[in-house]
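[1] kindly return the folded structure for what I paste below:
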Amino acid sequence: MVNSRTYIVPGTRTTYKHLASRFYGANEPKSRPLTLITRCDGDLRYPLVESVLSDMAVQPYVHNCSVTVLHRGRETSYVIFYRLHRRLPINRSVALLTHNHTVRGDIVVMRTDWAGRVTSMRHGDAVVADRIVER
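    Residues are numbered from 1 along each chain as shown. Okay, here's the model as predicted:
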């Protein structure tokens with residue numbers, strides 16, 4: 001589904017937060033933590049993933065999907081942001097995790113809270129994010 005996020009128009013009450021996420025760059029050898037700017041207005045949060053995903057000229061649309069993982073007896077939800085296009089470069093950092101799948105373009109993984117809003121990733125979430133991306 002293309003851009004199923006609720007867009008927040010900047011206004012007088014709008015604030016910006018820096019949230020921790022996980023970035024899988026197409027031209028990078030491995031994944032890395034990423035601080036992502038998120039636009040906040042009350043209970044709504046809009047992560048500005050367009051600022052970190054490369055190849056805007058090839059594919060301007062950002063897709064996202066939600067994943068719920070049962071890890072150590074707790075359910076945790078994540079949202080994955082990515083682009084789909086055959087001309088995007090093959091993602092090297094994901095290729096190291098999955099030896100039989102080809103993924104193109106950059107990927108950003110963020111954790112969501114119980115209300116479905118994006119929030120900062122915790123210490124052990126990097127391992128879980130790697131497991132999500134490899135599947």
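
[2] lowest average confidence across helices and strands of the protein, where is it?
    helix 92-97 (a mean of 75; mean pLDDT, DSSP states H and E).

[3] can you name every helix or strand that that one contacts?
    helix 125-134 (3 or more CB pairs under 8 Å, 6 or more residues apart in numbering; DSSP states H and E). In short, each C-beta sits where N, CA and C put it, glycine included.

[4] the helix it packs on: how far from the chain's middle?
    Relative to the centre of its chain, helix 125-134 is centred 11 Å away, using CA atoms, centre = their mean, to the nearest Å.

[5] contacts for the following helix or strand past the least confident helix or strand of the chain?
    Using DSSP states H and E, the next helix or strand after helix 92-97 towards the C-terminus is strand 107-112. With contacts defined as CB atoms under 8 Å, 6 or more residues apart in numbering, strand 107-112 is touched by 19, 21-24, 34, 36, 47, 49, 52-53, 66, 76-82, 91, 94, 118-122, 125, 129, 132-133.

[6] rerun that using 6 Å as the cut-off
    21-24, 49, 77-82, 118-119, 121, 125, 129 (CB atoms under 6 Å, 6 or more residues apart in numbering).

[7] which parts of the helix or strand harbouring Ser21 are buried?
    Element membership for Ser21, per DSSP H and E: strand 15-24. The neighbour-count check on strand 15-24 (16 or more other CB atoms under 10 Å) flags Leu19, Ala20, Ser21, Arg22, Phe23, Tyr24 as buried.

[8] check stretch 46-57 too.
    By 16+ other CB under 10 Å, the buried positions in stretch 46-57 come out as Tyr46, Pro47, Val49, Val52, Leu53, Asp55.

[9] surely Ser66 is in contact with Phe81?
    No. Counting by CB atoms under 6 Å, Ser66 stays clear of Phe81, with 10.9 Å between them.

[10] more neighbours: which of those two?
    Phe81 (24 against 12; other CB atoms under 10 Å).

[11] check the more buried one and give its pLDDT.
    pLDDT, Phe81: 94.

[12] what about the closest residue to Thr119 other than its chain neighbours, how many neighbours?
    Leaving aside its chain neighbours, Thr119 sits nearest to Asp113 (4.8 Å; criterion: CB to CB, 6 or more residues apart in numbering). By other CB under 10 Å, the residues close to Asp113 number 12.
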